[in-house]
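Trainee: 3D model of this:
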Amino acid sequence: MDGKTQDTNAQAEKTDEKSESLGSFAFFVLKLAAVVLIFRSFVFAPFSIPSESMLPRLWDGDYLLAAKWPYGYTRNSLPFDLPLIPGRVLAGQPARGDVVIFEHPVDGTEYIKRVIGLPGDTVEMRDGQIVLNGQPVPKERIEDFTIPVSPNTSCASGAVPDTNEDGEPECRYAQFRETLPSGKTYNVLDFGAEYADDYGPVIVPDGRMFVMGDNRDNSQDSRYPAVPGGGVGLVPQDNLVGRATIMMWSTDGSASYIRPWTWFTAARWNRMLEGI
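Mentor: Okay, the predicted model is just below:
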């Protein structure tokens, strides 16, 4: 075997090794993508809060994980709503007070609201107080809620502009604590007398749910007819995507991609890794 043949064989072996390495890497990437896809579809999925309809608990700029298994699986559980799951598999009904993510019944946009009424419940509002199955849901005035002004947060019409002890601008809202019949408690905001403070009564049909935003006078929810980009009406439970579970990240919106240090100064560190 001459030197030229040896060089050719060595070059062929290197080419084979390189092809094998590329093939192994591609197979690893495919396996990783499959694991991520399965995890996102059936275990946890990320969700960002795009508005202030769920103040005071959830702020614009919050990023959370939604548990996918509590309510079963539908095509809504899969990326791009792939029609691979018929109906709702392993179905589970939400509990009153759950914070749920669901697809809008008309335009398919993902919304996040709190479940107030389940099938068979009679829901109404009187002077801003929920009446559930004929019984007013206790609503107790508590300390005001304040939130710093930022690119993600401005004072709505029901807020009182204020400053904190450092002289920085903030928004102050009247805050109340509601307690559902199960004992579940959560805080809500109320701007005062508004259009949707009187509603119903309505009976929640089978397979539906009545949802509301905690920021009661700044939420397009089940009190409004389902229209694209607006109210959601009585939401089909088959539209459920998951249950809000844990806060992973939060930003006030002041970060800039070209200024890496702002990634840290914009973070709301005290809101991370909190349960919902």
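Trainee: Which stretches in this protein count as helices?
Mentor: In the chain, the helices defined using DSSP state H lie at 3-42, 262-265.
Trainee: Which other helices and strands does the last one contact?
Mentor: Using 3 or more Cβ pairs under 8 Å, 6 or more residues apart in numbering; DSSP states H and E as the contact criterion, no secondary-structure element is in contact with helix 262-265. Where you see a C-beta, it was placed from the backbone N, CA and C, and this is true even at glycine.
Trainee: Now tell me what touches it from outside.
Mentor: Contact partners of helix 262-265, identified using Cβ atoms under 8 Å, 6 or more residues apart in numbering, comprise 254-256.
Trainee: what about Asn218, how many residues close to it?
Mentor: A total of 20 residues lie near Asn218 under the criterion other Cβ atoms under 10 Å.
Trainee: isn't it right up against Val188?
Mentor: No: with contact defined as Cβ atoms under 8 Å, Asn218 and Val188 do not form a contacting pair (10.9 Å).
Trainee: on that earlier part again, weakest of the helices of the chain in terms of mean pLDDT?
Mentor: Mean pLDDT per stretch puts helix 3-42 lowest among the helices of the chain, at a mean of 64.
Trainee: Show me the strands in the stretch 1-150 of the chain, by range?
Mentor: In the stretch 1-150 of the chain, the strands defined using DSSP state E, counting those that start in this stretch lie at 44-48, 62-67, 99-103, 110-117, 122-126, 129-132, 135-136, 139-148.
Trainee: partners of the first one in the sheet?
Mentor: I take that to be strand 44-48. Using DSSP bridges, the strands paired with strand 44-48 in its sheet are strand 62-67 (antiparallel).
Trainee: Convert the C-alpha atoms of the partner strand to CSV, please.
Mentor: The C-alpha atoms that make up strand 62-67 are tabulated as CSV, following Å, rounded to 0.1, in the frame of the first residue of the first chain:
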residue,chain,number,x,y,z
ASP,A,62,-45.1,38.0,35.2
TYR,A,63,-44.1,34.6,33.7
LEU,A,64,-45.5,31.5,35.3
LEU,A,65,-45.8,27.8,34.8
ALA,A,66,-49.2,26.2,34.1
ALA,A,67,-49.7,22.6,35.2
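Trainee: what comes up buried for it?
Mentor: 62, 64-67 (16 or more other Cβ atoms under 10 Å).
Trainee: Report the angle between it and strand 110-117.
Mentor: An angle of 60 degrees separates the directions of strand 62-67 and strand 110-117 when computed by axes from the mean of the first three to the mean of the last three Cα atoms, to 10 degrees.
Trainee: Which secondary structure element of this structure has the lowest mean pLDDT?
Mentor: Confidence across the helices and strands of the chain bottoms out at helix 3-42, with a mean of 64, counting by mean pLDDT, DSSP states H and E.
Trainee: ok, back up a step: out of the buried residues of strand 62-67, which is nearest to Glu165?
Mentor: Asp62 (24.2 Å; Cβ to Cβ).
Trainee: Now for the closest residue to the closest one other than its chain neighbours, how many residues are close by?
Mentor: Closest residue in space to Asp62, ignoring its immediate chain neighbours: Ile49 at 4.2 Å, by Cβ to Cβ, 6 or more residues apart in numbering. Here the number of neighbours of Ile49 (other Cβ under 10 Å) works out to 21.
Trainee: One more: Pro181?
Mentor: Going by other Cβ under 10 Å, the residues that sit close to Pro181 add up to 12.
Trainee: That one touches Gln135, doesn't it?
Mentor: Yes: counting by Cβ under 8 Å, Pro181 touches Gln135, with 7.2 Å between them.
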